[in-house]
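Colleague: no sequence for this one, just the structure:
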């Protein structure tokens with residue numbers, strides 16, 4: 001039997017997949033040939049869904065911890081036993097400490113709106129601490145909003161073939177936006193030049209017609225130098241700037257000191273290379289900047305993204321189809337989310353039993369989970385619920401996170417459909433359905449197609465959806481929250497009940513018939529051709545770059561970009577994907593550094609800083625640059641030779657905009673092991 005479903009992963013492609021089901025089990029997965037973005041192929045990760053769904057160590061029944069935290073020793077219990085015990089402990093915590101002693105940790109383990117976002121109703125009902133979900137896109141979103149406003153409307157990817165210069169800046173599209181590649185190839189056949197700007201030679205850099213390798217954290221210097229050339233030597237669309245942009249004179253003044261020679265000193269490029277890139281952009285309209293979040297994961301990442309996003313404005317690229325920038329398309333999905341996440345509860349915050357909505361609840365920055373678990377007081381965090389996430393591996397400063405998870409007085413409840421580093425610390429490990437096993441509604445941040453997905457197969461064992469689990473807990477706390485028990489179809493109908501013109505003619509019945517429907521965008525789609533969509537002007541401003549400072553004690557920059565065969569830790573349990581990535585996590589070390597350190601290819605090194613240390617095998621490669629160690633991940637710590645994830649070394653200090661993550665600001669020593 002063949003079934004069409006939506007890929008639930010945290011990926012811009014948001015593919016439609018053809019799933020083969022035999023004997024009630026998923027046996028094969030490929031791409032939908034009729035979807036204009038998916039085009040009939042699945043990525044290396046999702047093609048392995050049959051193995052991913054039926055891993056030997058997948059939790060199939062509720063489990064209660066019987067060993068020490070982190071040991072992963074559990075005993076099977078019934079759902080009633082698990083939920084009754086969790087509810088009783090939760091009541092005691094709420095009575096003694098209040099709602100703020102409870103914290104959720106969730107992210108994008110599924111992008112489905114029902115199972116990904118609806119559970120927040122439970123936490124807002126009890127007045128739990130608010131989690132600021134900053135780990136991935138917060139800095140980029142803040143930079144985008146500063147220029148373009150809060151609505152994220154990137155270039156329609158289906159217009160990419162109309163571009164004549166495509167700059168892939170800080171994005172390894174061949175690994176993380178795979179279904180953009182056929183559109184890039186079509187643009188190339190139409191005469192486009194494809195450029196990659198990145199910090200190491202990845203798959204996308206090798207695919208591009210020209211690769212510009214810059215030093216980590218120096219994107220802002222290159223962007224300002226390009227802007228200077230456009231203003232002083234031609235290329236800037238002064239008419240567009242005068243009509244539709246405010247503050248551009250301040251941006252021009254900020255760019256003026258950044259000569260190609262000065263930028264060359266910062267970036268490591270030659271002045272000639274900077275001029276070459278500027279010339280390609282000046283003469284190659286329409287210009288498209290496909291930007292990635294990697295450049296934002298430095299202390300000055302917000303300013304870097306702002307400078308890069310200013311370039312299509314300066315060039316007037318938004319006036320032509322295929323021109324402009326693409327960071328996210330998520331602003332196109334103007335759904336009715338008024339009740340989705342429980343914010344409506346704050347309108348009546350009067351406490352009634354355990355219903356204690358708190359619009360003034362304290363906020364916890366997601367990137368500082370370790371600090372929250374080990375430092376917060378008045379009240380301390382006494383209960384942690386983890387779903388759609390694996391923070392023991394993916395959160396920065398993971399060593400501190402693990403020390404917090406090891407607290408015996410912390411109630412930790414983990415909802416999972418695969419064994420994870422975090423699950424090892426759970427007091428109760430609850431088996432959750434995989435997104436191929438429940439219905440959900442999906443938007444995208446890489447295209448403008450809305451999708452509905454039915455279950456492809458029944459869940460194994462006693463796995464239950466997230467919403468069912470939290471509805472049962474709510475019932476045990478005496479909370480009247482019918483939203484948690486709503487059928488996914490009812491939630492979807494509520495979300496689609498919107499009068500926004502992009503969604504006219506799209507209802508659940510149509511989605512169920514067609515599976516995936518494109519938003520009703522105007523044609524041509526030029527969202528910033530005349531300023532912001534709300535009629536106000538775009539806004540540029542002066543930018544004072546924040547560039548990396550040398551650290552003699554920790555002379556290497558550690559970069560942790562995504563590996564080709566993984567998506568966070570979601571696929572770490574699949575042996576074939578681990579084998580495709582070399583069997584164990586490795587670090588790329590430049591030949592000059594390898595000679596200086598006396599490290600051979602295939603040998604081991606120890607990476608150290610004040611947060612901790614990890615042991616890794618080396619691959620000597622000129623793909624990186626001297627002084628830069630590249631650890632492609634995210635591997636589970638479970639699969640590392642020392643049992644530790646790379647995020648033991650990454651900082652939990654926020655960036656300059658949006659309080660986002662600064663993973664790529666990590667500095668380390670490298671010692672032969």
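Modeller: On my side now, so go ahead. Owing to the predicted nature of the structure, the values given are computational and were not obtained by experimental measurement.
Colleague: for the residue lying closest to residue 39 once chain neighbours are set aside, give its distance to residue 174.
Modeller: Of all residues not flanking residue 39 in the chain, residue 182 sits nearest, at 5.8 Å (C-beta to C-beta, 6 or more residues apart in numbering). C-betas here are computed from N, CA, C, even on glycine. Using C-beta to C-beta, to the nearest Å, residue 182 is found at 11 Å from residue 174.
Colleague: next: residue 528.
Modeller: 27 Å.
Colleague: count of residues packed around residue 171?
Modeller: Residue 171 has 26 neighbours, counted by other C-beta atoms under 10 Å.
Colleague: now swap in residue 238 and tell me
Modeller: Residue 238 has 12 nearby residues by other C-beta under 10 Å.
Colleague: can you tell me the SS state at the residue nearest the centre of the chain?
Modeller: Central residue of the chain (C-alpha atoms, centre = their mean): residue 136, 4.3 Å from the mean position. The three-state assignment at residue 136 reads coil, by DSSP: H, G, I helix; E, B strand; the rest coil.
Colleague: quick check: pLDDT value at it.
Modeller: What the model reports for residue 136 is a pLDDT of 95.
Colleague: quick one: residue 296 from residue 308, how far?
Modeller: Residue 296 is 10 Å from residue 308, by C-beta to C-beta.
Colleague: how about the residue in the chain that sits furthest from its center?
Modeller: residue 233 (37.7 Å).
Colleague: who's in contact with the nearest residue to residue 406 once chain neighbours are set aside?
Modeller: Distances taken as C-beta to C-beta, 6+ apart place residue 69 nearest to residue 406, at 4.8 Å, with adjacent residues excluded. Contact analysis of residue 69 by C-beta atoms under 8 Å, 6 or more residues apart in numbering lists 405-408, 412, 424-425, 427.
Colleague: same check, this time on residue 371
Modeller: Neighbouring residues of residue 371 by C-beta under 8 Å, 6+ apart: 397, 400, 652.
Colleague: how near is it to residue 379?
Modeller: Relative to residue 379, and taking C-beta to C-beta, residue 371 is found at 15 Å.
Colleague: and the longest strand for this protein?
Modeller: In the chain, assigned by DSSP state E, the strand with the most residues is strand 612-620.
Colleague: which residues are contacting it?
Modeller: Contact with strand 612-620 is made by 399, 582, 584-591, 594, 599-607, 631, 640-642, 644-646, 648-649, 673, as judged by C-beta under 8 Å, 6+ apart.
Colleague: now that strand: average pLDDT?
Modeller: 98.
Colleague: quick check: buried residues in the helix or strand following that strand?
Modeller: Downstream of strand 612-620, the next assigned helix or strand under DSSP states H and E is strand 628-630. Across strand 628-630, burial judged by 16 or more other C-beta atoms under 10 Å covers 628-630.
Colleague: what is strand 628-630 packed up against?
Modeller: strand 556-559, strand 586-589 (3 or more C-beta pairs under 8 Å, 6 or more residues apart in numbering; DSSP states H and E).
Colleague: avg pLDDT for the last one?
Modeller: Confidence over strand 586-589 (mean pLDDT, whole number) is 98.
Colleague: quick one: it to chain centroid distance?
Modeller: 23 Å (C-alpha atoms, centre = their mean, to the nearest Å).
Colleague: helices and strands around it, which ones?
Modeller: Using 3+ C-beta pairs under 8 Å, 6+ apart: strand 586-589 touches strand 604-609, strand 612-620, strand 628-630.
Colleague: parallel or antiparallel, which strands does the longest one pair with?
Modeller: Within its sheet, and counting by DSSP bridges, strand 612-620 is paired with strand 586-589 (parallel), strand 604-609 (antiparallel).
Colleague: just say which of those strands is most tucked in.
Modeller: strand 586-589 (a mean of 23; mean count of other C-beta atoms under 10 Å).
Colleague: helix or strand right after that strand?
Modeller: Taking DSSP H and E, what comes next after strand 586-589 is helix 591-597.
Colleague: show me the shaky parts of the stretch 51-200 of the chain.
Modeller: Counting by pLDDT under 70, the stretch 51-200 of the chain contains no low-confidence range.
Colleague: tell me where it has helices.
Modeller: 79-97, 113-117, 120-125, 138-148, 173-176, 181-189 (DSSP state H, counting those that start in this stretch).
Colleague: save the ones you listed as a markdown table, and put in mean neighbour count and distance to residue 156 too.
Modeller: Below are these laid out as a markdown table (neighbours: other C-beta atoms under 10 Å; distance: least, C-beta to C-beta, whole Å):
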| stretch | mean neighbour count | distance to residue 156 |
| --- | --- | --- |
| helix 79-97 | 16 | 45 |
| helix 113-117 | 24 | 22 |
| helix 120-125 | 23 | 30 |
| helix 138-148 | 24 | 15 |
| helix 173-176 | 22 | 16 |
| helix 181-189 | 17 | 10 |
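Colleague: out of those, flag the one nearest residue 436.
Modeller: Minimum separation from residue 436 across these (C-beta to C-beta) falls at helix 113-117, 11.7 Å.
Colleague: so what touches that closest one?
Modeller: Among residues not part of helix 113-117, those counted as contacts by C-beta under 8 Å, 6+ apart are 106, 108-110, 335, 337, 340-341, 388, 433, 435, 438-443, 465-467, 488, 491-492, 495.
Colleague: what comes up buried for stretch 542-555?
Modeller: 543, 545-548, 554.
Colleague: could you export these as CSV, including pLDDT?
Modeller: Shown next, in CSV, are these (pLDDT from 0 to 100):
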residue, pLDDT
543, 97
545, 96
546, 95
547, 96
548, 94
554, 98
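Colleague: who's in contact with residue 390?
Modeller: Neighbour list for residue 390: 109, 420-423, 568-569, 636 [criterion: C-beta under 8 Å, 6+ apart].
Colleague: equivalent analysis for residue 15, please.
Modeller: Counting by C-beta under 8 Å, 6+ apart, residue 15 has contacts 6-7, 31-32, 35, 37-38, 42-43, 46, 179.
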